[in-house]
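> A predicted structure for the sequence below; I have some questions about it.
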Amino acid sequence: MSSLSDLSMIHYGKSPSEVLTEDGSYPIVGTGGIYGHAKRAMFSSAIVVPRKGSLGNPQLIESPFWPVDTTYAVIPKDRVDIRWLYYCLLNFDLTKLNEATGVPSISRQWLLKIKFHNPGEKNQKKIAKILKSIDQTIETTEALIQKYQQIKQGLMHDLFTRGVTPDGKLRPTKEQAPALYKETPIGWIPTEWQWGVLNEITNPSRPVTYGILMPGYGFDGGVPVVKVKDIRGRKIDIKNLLLTSPRIAKEYNRSKLEPGDILLTIRGTVGRVCIVPEGLKGANITQDTARIDILQGNNEFYSYYFETDGATRHFNINTLGVAVKGINLGEVKNTPIPKPPVDEQSRIAQRMNMINLRIDIELELLKKLMLKKSGVMHDLLTGKVQVKADE
C-alpha cells in the first residue's frame, strides 16, 4: 500500500483573477470543470481534486491549465502513472474526507493520507490502459446517444408539422408545396389536420386531474404512488415507488391510473411525460403530476406532442412560481394541440417509437458499461484481480 504522499505532490489551486481573459489559451478548471480561459498555465498536467464546495469526482487534465483556489492539483511523482492515479482517486469516495460542518471541504493533510494498492509502474500502466479502453467505449456510446437525441428533435419537428402520408413519407415542406398547408393559431399544419385544445379530446368521465396531496411516508403492501422523481426518459422507475395506504388512495379514486394514461409533471419539474404501463393499473399519482386519458386520438402521439416546441412553449409561458414552479390544470387542459386523422397519428407515433427504442438500447448499453467500469475499477485497483504487464 502507498499513501498519496508517497505517490504525488499536492499543490493548492489559485484564484484566476490575474490570468482570466476571453482569448486565453489555457483552460481554467474548477470543481465543476472548465469555466474560463487563462493567458498562462500553472501546471502542464495534473489531477484536479475538489478542495471546497462540491466534493465530486476528480478530473484528469493532460494539457497545460490553471486550477482555481477551490481545488488541489495532484501531480504524480516519477514512476507513477498519472492515469492510474486518476482512476485510484476516482474509485475513492472523496466525500468521506469532508471535515466541515458548513461548506464541504477536504484538508490537504487528510488527502495525503489516502492509501492505494500499488502494483508497480508497469502494472499501473496496464491497469490504466484497460480502464481507458472502457472509458473510450463509454464516450463513443454517449456520443451516439447524443446523436440519436439530436435526430429525434429534428424528426419530431418534421413529424408534428408535416406529418406522414399513407405511403409512409413526410409531406413536402410548406415552402415546397404551400397548397398542402393551412395557417392556424398553432402554426402551419397540413390541410387534412384540425386543431383544438387538449380538453376536447380527453375522456369526460376521467377528466384531467392531479393526485394525492399527502401520500404519507410508506405503507407495507399499499398502493403505488408515482412522483415526479420517478418519471425519467418517458419511463416510470417502478422499483422505488412510494406505497400509500389504501385509505388515502380511496380518497383520491379520481386520479387512479389505468394502463395507457399519459402522465405529465406539472409542479417542480414541469413537462416530464410518460405512459402508464400495464403493471401500474390501480396505482396513483401526487399533486405534482397530471393524469390525462385521451379518448379521441392516439395516446402515444399526444405523449410525444407534449415534448414538442409548441407544447413546451405553452407550458413554459404558463408556469408560475418562484421557489416551486408549476402550471395549473386549467392551462394544461387548454394546451393547443393538432388533430391529425387518427391513422396518421399512429404512423407518427410509430416513427417516434422507433427512434426512442434506438436511444433506449444505447442507454441500456451505457448503463451496463458504467457498471462494468465500476466493477473492473474495484477489482484492479484494490488488487483483488491481479494484472500482468506486457513484457
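Now that the structure is in, tell me what you want to look at. Numbers count the residues shown, from 1 in each chain.
> confidence score at the residue nearest to Ser245 when sequence neighbours are not counted?
Distances taken as C-beta to C-beta, 6 or more residues apart in numbering put Phe219 closest to Ser245, at 4.3 Å, once the chain neighbours are dropped. Yep, even glycine has a C-beta here, placed from its N, CA and C like the rest. Phe219 is assigned a predicted lDDT (pLDDT) of 94.
> for Phe219, the count of nearby residues, please.
Phe219: 17 surrounding residues under other C-beta atoms under 10 Å.
> over to the nearest residue to Ile292 once chain neighbours are set aside: give its phi and psi.
Using C-beta to C-beta, 6+ apart and skipping the chain neighbours, the partner closest in space to Ile292 is Ile262 (4.2 Å). In terms of degrees, to the nearest 10, the main-chain angles of Ile262 are phi -90, psi 130.
> just list whatever residues bridge to Ile262.
Ile275, Ile292 (DSSP bridges).
> and Lys388, which of the three is it?
Three-state assignment for Lys388 (DSSP: H, G, I helix; E, B strand; the rest coil): coil.
> touching, the residue nearest to Ile292 and Val273? I think so.
Yes: assessed by C-beta atoms under 8 Å, Ile262 is found in contact with Val273 at 6.7 Å.
> tell me the SS of Glu183?
Once three-state DSSP is applied, Glu183 turns out strand.
> follow-up on the earlier one: more neighbours, Ile262 and Val273?
Between Ile262 and Val273, Ile262 has the larger neighbour count (other C-beta under 10 Å), namely 22 against 19.
> quick one: Met9 from Leu112, how far?
10 Å (C-beta to C-beta, to the nearest Å).
> first to last residue in stretch 164-180, what's the distance?
End-to-end distance of stretch 164-180 (C-alpha to C-alpha, to the nearest Å): 13 Å.
> how far off centre is it?
A distance of 34 Å separates the centroid of the chain from that of stretch 164-180, by C-alpha atoms, centre = their mean, to the nearest Å.
> mind listing the strands in the stretch 251-391 of the chain by residue range?
For the stretch 251-391 of the chain, applying DSSP state E, counting those that start in this stretch gives strands covering 262-265, 273-275, 284-285, 289-292, 336-339.
> how about the fourth one as CSV, C-alpha atoms only?
Spelled out, it's strand 289-292. The C-alpha coordinates for strand 289-292 follow below in CSV (Å, rounded to 0.1, in the frame of the first residue of the first chain):
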residue,chain,number,x,y,z
THR,A,289,-48.5,15.3,-11.8
ALA,A,290,-51.5,15.4,-14.1
ARG,A,291,-53.2,12.3,-15.4
ILE,A,292,-54.5,12.5,-19.0
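> output the lowest mean pLDDT helix or strand found in the protein.
When each helix and strand of the chain is scored by mean pLDDT, DSSP states H and E, helix 108-112 comes last, with a mean of 87.
> got the domain ranges for the chain?
2-117, 119-172+341-391, 194-339 (automatic domain parsing).
> show me where the stretch 51-200 of the chain has its helices.
Ranges of helices in the stretch 51-200 of the chain, per DSSP state H, counting those that start in this stretch, are 82-91, 108-112, 121-162.
> next, the angle helix 121-162 makes with the first one.
With axes from the mean of the first three to the mean of the last three C-alpha atoms, to 10 degrees applied, the angle from helix 82-91 to helix 121-162 works out at 70 degrees.
> quick one: mean pLDDT for helix 82-91?
The pLDDT scores in helix 82-91 average 94.
> from the contact counts, what lies against that helix?
Packing partners of helix 82-91 (3 or more C-beta pairs under 8 Å, 6 or more residues apart in numbering; DSSP states H and E): strand 46-50, strand 59-61, strand 71-76, helix 121-162, helix 342-381.
> sounds good, over and out.
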